[in-house]
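Enquirer: fold the following, please.
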Amino acid sequence: MSVGTWRNTLFFCTMAALMPVDQTTVAGVIFRYLPGSVELSSPMHPHRVETGPFLDPHERPARWPGGWGYEPAWAAEFEGESSTLWGGPVEDLNQPAGPRLTAEVWLRLFESDTHQTLLSNRIGSLGGFTLGLDTHIPYFAVSIGGITYRVKGTQEVLTGQDVWIAATAEYTFSNILTLSIYRDGKLEAEESIPAALTTPYVISRPFFVGTEATGPEDAPNLKGTITGLLYAAVVRDYVAHPLYLTTVPPFDGSTYFGLPAFHDYGLEGFDLPMDQRIDAYATPVVQKFFLPHVNDAFIPQGTAVLSNAAGRAELVYVSYYHRTRTNRLETRRSIVVEIDAIRERVRRTFRLNGLLATAHVGGIALVGEALYVASEGILERYPVPKYAPGDGKYVDLMPDAGGTKRVLSKASFVSSFEDTLWVGDYRTASQQQPYLYGYGLDDAGLILSGAAPVIYPIPRRIQGVDFHVAGGTVYVFMARNRNSREAEVLRFKRADLRPGAVFPWEASITFPHGIEDLAFAEDGTLWTNSESGTDYYQRTATWSTFYPFVYGVNISDLLVSVSGPPVTPPMSSEMGVQVFPNPAADQLEITYVLDKRSPVRIQIFDLLGRRAVDAIYPMQQPGNSRVTMGVKDLAAGTYFVVIDAGGRRGRQSIVRVR
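Expert: All right, here's what the predicted structure looks like:
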């Protein structure tokens, strides 16, 4: 079928394409090509394009038949000028104010050429966009009214290497058109160009993948422009979330190189695209990666860090257990992923082969050249083989027979500090008191035999613990999920821990929901991960947050007081609080639920713990309550709303903007 007949033969339109161009709508992906998922792709017309599970040799141990059982990533193979691909919905999309769009490709080139079109909707000199390569360097061009606006990258795309290239176009009411190019989660080039554009802007169809279209619009000539593998191509009718565009994929061998593929919902639905689900948080993140292996149905748990000579995280380790979308457990062995934090990609994936081979592996700790894995009341020590370039990417780990120990703890998590291995319990309000156990280590990094552990009671629902020295003071940090939207890291002084009682923490720092184990690099960066971005939880649980990253937070942002004077342990229970709008300019609408008749106190603190607002409301009746509070007198910045009522406390971070 010729391209000239596409308007008469295709009738496919997404509801997203018909909705207003606004990032708050459920609009999103207007074109998608996935070689291995026809049901999730737009209608396509390939010519001499072969699809299949094309694998890098390094991936064969895990993804080839007879291997570890992971699914391979599919790709479409293009063979130069004879390979063409086009398609997509039939109707043009009118944007009231545009262009606003994002174009993305995931590919591996076998050959380079002077000019290569990767993804486009242009036919000859007609209007549209083109994401391509010019002398091996990415460029993005948008042609409107006979004028072409263009931005070009800075580095060549090398043959034989996987690369994710994204480009955005955003036109503002100040008559500025901003074009940007991202490569592997890094902004490579950006141009802001004065442009007086008429409205509406039309995103025309069809879309051409690895194909150049020239000649008349009703019967264009098609020519293939690439030789290599095309893993995916996507067009969105908005500018994608910056946390998505500026985060590095881990290159774990799965679809999209490790970006969460399970958010490829059908184009005809109303589900939010993956990038629009990512939430931002007040606590700054200094470095982050997409969590690897979540497309392989693994759920992250433990975190450990190896620092380089400068104290920066050189390697970040994350442990996972396997859990399918249908809640099947133990169908794959648990793993520990070794991430090169300097190059920002997976270096090795280890499969466990001891007593904890299919365990929950809630925590890990790095001691010398071995990993301690904690789960089910057991600490299991796994020596990590030295790495040499060219070594296999998938490695089976065997436990050290002398390093396995049953402990008093439930062993929900583990961290090492100085000469002690700290093991702790995760327990809910209905379970017995949780404790933190300190087991001494000998010079070889083995647990001292016969020695009784140091024991401290800790708050409930703790997910991870680690220690760090700052200004001569030893601090203890404990992580837990505060509610269905937020997590918190509680800060204690080591000297304040007591064997007989849970001592009040001195600060609570807000983190993304789904927080897990904690691990400090020597420079004071606290590393953790969020299980909120995994397949199982996104498909089966209505979690309101999505933070699919392993990430680090600077120690300076952990040493501020975020809730005023020292905070006592939680009251009888926590109160859910919602604040709208957030960010806010003039006023807040604060909603909460009272379980009994009670006066209500609402306070707002800044990041230094200074009280900016303190209001007491008389007796309020049980049920849903709503209060409107003016904030126009507050300076721009981040604040925390704290509500106390009837023995319960709730907190919510807000951002005040001018």
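Enquirer: low-confidence regions, the stretch 251-400 of the chain specifically.
Expert: Low-confidence regions of the stretch 251-400 of the chain, defined by pLDDT under 70, span residues 270.
Enquirer: hey, where'd the helices end up in it?
Expert: If DSSP state H, counting those that start in this stretch is used as the criterion, the helices of the stretch 251-400 of the chain fall at 274-277.
Enquirer: could you find the closest non-adjacent residue to Asp595?
Expert: Distances taken as C-beta to C-beta, 6 or more residues apart in numbering place Pro622 nearest to Asp595, at 6.1 Å, with adjacent residues excluded. The C-beta positions use only the backbone N, C-alpha and C, and glycine is treated the same way.
Enquirer: ok, that neighbour - contacts?
Expert: Shown here is Pro622, whose contacts under the criterion C-beta atoms under 8 Å, 6 or more residues apart in numbering are Leu594, Asp595, Lys596, Arg597.
Enquirer: ditto for Tyr231
Expert: Under the criterion of C-beta under 8 Å, 6+ apart, the neighbours of Tyr231 are Pro35, Ala73, Trp74, Ala75, Ala76, Trp106, Leu107, Arg108, Asp162, Thr255, Tyr256, Phe257.
Enquirer: looking at this, it is in a helix?
Expert: No - under the criterion used here (DSSP: H, G, I helix; E, B strand; the rest coil), Tyr231 is strand, not part of a helix.
Enquirer: follow-up on the earlier one: any idea of the pLDDT on the residue nearest to Asp595?
Expert: The predicted structure scores Pro622 at 80 on the pLDDT scale.
Enquirer: these two touch, right, Tyr238 and Pro99?
Expert: No - the pair Tyr238 and Pro99 does not pass the contact test of C-beta atoms under 8 Å, sitting 10.3 Å apart.
Enquirer: joint contacts of the two?
Expert: Counting by C-beta under 8 Å, 6+ apart, Tyr238 and Pro99 have no common neighbour.
Enquirer: Ser192 sits in which helix or strand?
Expert: strand 186-194 (DSSP states H and E).
Enquirer: related to what we said a few turns ago, from the contacts of Tyr231, pick the one nearest Phe605.
Expert: Using C-beta to C-beta, Tyr256 is the member of the contacts of Tyr231 that sits closest to Phe605, with 40.2 Å.
Enquirer: which residue ranges form the helices in the stretch 401-550 of the chain?
Expert: Using DSSP H, counting those that start in this stretch, helices in the stretch 401-550 of the chain cover 535-540.
Enquirer: and for Glu81, the neighbour number?
Expert: Around Glu81 sit 16 other residues, with neighbours defined as other C-beta atoms under 10 Å.
Enquirer: then it would be within a strand, right?
Expert: No - counting by three-state DSSP, Glu81 is not part of a strand but helix.
Enquirer: might one say that it is in contact with Asn221?
Expert: No - counting by C-beta under 8 Å, no contact exists between Glu81 and Asn221, whose distance comes to 11.0 Å.
Enquirer: Gly210 against Gly224, yeah?
Expert: Yes - under the criterion of C-beta under 8 Å, Gly210 is in contact with Gly224, at a separation of 6.1 Å.
Enquirer: TSV please, covering the contacts of Tyr231 and showing secondary structure and neighbour count.
Expert: Rendered in TSV, the data for the contacts of Tyr231 read as follows (DSSP: H, G, I helix; E, B strand; the rest coil; neighbours: other C-beta atoms under 10 Å):
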residue	secondary structure	neighbour count
Pro35	coil	26
Ala73	coil	27
Trp74	coil	18
Ala75	strand	25
Ala76	strand	26
Trp106	strand	23
Leu107	strand	24
Arg108	strand	20
Asp162	strand	19
Thr255	helix	25
Tyr256	helix	22
Phe257	helix	26
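Enquirer: find the centremost residue of this structure, please.
Expert: Centroid check for the chain by C-alpha atoms, centre = their mean gives Pro548 as the closest residue, at 2.4 Å.
Enquirer: burial check on the residue nearest to Arg122 when sequence neighbours are not counted, number of neighbours?
Expert: Closest residue to Arg122 in three dimensions, ignoring its sequence neighbours and counting by C-beta to C-beta, 6+ apart: Gly128, at 3.6 Å. Per other C-beta under 10 Å, the neighbour tally for Gly128 reads 22.
Enquirer: what's the answer for the one 3 residues further on, then?
Expert: Under the neighbour criterion other C-beta under 10 Å, Leu131 is assigned a count of 22.
Enquirer: repeat for Phe605
Expert: Burial of Phe605, expressed as a neighbour count using other C-beta under 10 Å, amounts to 21.
Enquirer: mind listing what's buried in the helix or strand where it lies?
Expert: Element membership of Phe605, judged by DSSP H and E, is strand 598-606. In terms of neighbour count (16 or more other C-beta atoms under 10 Å), strand 598-606 has its buried residues at Ser598, Val600, Ile602, Gln603, Ile604, Phe605, Asp606.
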